[in-house]
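Visitor: model this:
(chains A, B, C and D)
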2 protein chains.
Amino acid sequence: MNGVPELLILKLLRDREMYGYEIVQAIRSQSDDVIAFGEGVVYPVLHALEQEGALRSRRKNVNSRSRVYYTVTPTGARRLEDLSAIWANLAGAIQKMLKGTYAKTTA
Amino acid sequence: MNGVPELLILKLLRDREMYGYEIVQAIRSQSDDVIAFGEGVVYPVLHALEQEGALRSRRKNVNSRSRVYYTVTPTGARRLEDLSAIWANLAGAIQKMLKGTYAKTTA
DNA sequence: AACTATACCTAGCAGTTCAATGTATGTCAA
DNA sequence: TTGACATACATTGAACTGCTAGGTATAGTT
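Guide: Numbering: from 1, shown residues only, chains lettered A, B, ... in the order given. Here you go, the predicted structure:
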């Protein structure tokens, strides 16, 4: 039914290069704590996406800390488009169903 | 992360009394086939909700077919409110994150 | 010295949803 | 009248997600 972590991660990375730990916090803060995926969710998704060729990574040392920065490949960009469309579709359908009343009167 | 079947089922039943098989098709048709939960999803949810006291059921015979009709209890109505709020929150947060750009240049 | 924050990672469980299958009845066409 | 399809109920077992909890290592703070 879902795939939200993948979607959000791809979206963030399309806007700018980021590293795992940063993504975890970006999701938290940008969603006002409504969504809070732990590292145990984010890291595996990053690895899987990289293996599928949707992301590319490179190590960078900042303040003697080793970070793995990720960027979106063309494949990943397409993937993002697909997931976005699916999500919009789904959210739209649910929204519509929750709004409508369709009471007994329509027989 | 989810709970969509529960949400949609409660919503449909709050509008009018329905039976399982009918719910399966209502979700399909009202969502224009975007959402299609099978019977293996709907029936267990109905049973669980009834056991929690969120639904009440009664047998009815129509054209020599035995149907189990469900209605929402006050407990179920509260449950629906809760799930709706959670969903709206979640969908809103995701929507917001997908729209925003936060790019390096703010393009 | 201990605690918190940064930064990476994995394993295993738990919950959800799906696909498949099964029963039984009714209807309609070949 | 037989076979196919629709109605209507139900369960089981697998698959997939995502979460909790753990583990390593460095740096800064108290």
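Visitor: which residues in chain A form strands?
Guide: Using DSSP state E, the strands of chain A run over A:18-19, A:55-62, A:65-72.
Visitor: for the last one, packing partners?
Guide: For strand A:65-72, the helices and strands in contact under the criterion 3 or more C-beta pairs under 8 Å, 6 or more residues apart in numbering or on different chains; DSSP states H and E are helix A:4-15, strand A:18-19, helix A:20-30, helix A:39-51, strand A:55-62. Placement of C-beta: from N, CA and C, glycine included.
Visitor: which residues touch it?
Guide: Contact with strand A:65-72 is made by A:10, A:13-14, A:17-21, A:46, A:50, A:54-61, A:80, as judged by C-beta atoms under 8 Å, 6 or more residues apart in numbering or on different chains.
Visitor: returning to that earlier point: possible to save the strands of chain A as TSV with mean neighbour count, mean pLDDT and distance to residue A:93?
Guide: What follows is these, written out as TSV (neighbours: other C-beta atoms under 10 Å in any protein chain shown; pLDDT from 0 to 100; distance: least, C-beta to C-beta, whole Å):
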stretch	mean neighbour count	mean pLDDT	distance to residue A:93
strand A:18-19	19	97	31
strand A:55-62	13	94	29
strand A:65-72	16	95	27
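Visitor: taking strand A:55-62 as reference, get the angle to the longest helix belonging to chain A.
Guide: Identified as the longest helix of chain A according to DSSP state H is helix A:74-99. When axes from the mean of the first three to the mean of the last three C-alpha atoms, to 10 degrees is applied, the directions of helix A:74-99 and strand A:55-62 differ by 110 degrees.
Visitor: so for helix A:74-99, what gets flagged as buried?
Guide: Using 16 or more other C-beta atoms under 10 Å in any protein chain shown as the test for burial, helix A:74-99 gives A:76, A:79, A:80, A:83, A:87, A:90, A:91, A:93, A:94, A:97, A:98.
Visitor: looking at the residues you listed, spot the one nearest residue A:35.
Guide: Using C-beta to C-beta, residue A:87 comes nearest to residue A:35 of the buried residues of helix A:74-99, at 13.2 Å.
Visitor: returning to what we had before: out of the buried residues of helix A:74-99, which is nearest to residue A:5?
Guide: With C-beta to C-beta as the yardstick, the closest approach to residue A:5 among the buried residues of helix A:74-99 comes from residue A:83, at 10.5 Å.
Visitor: got the contact list for that closest one?
Guide: Residue A:83 makes contact with A:3, A:6, A:7, A:10 under the criterion C-beta under 8 Å, 6+ apart.
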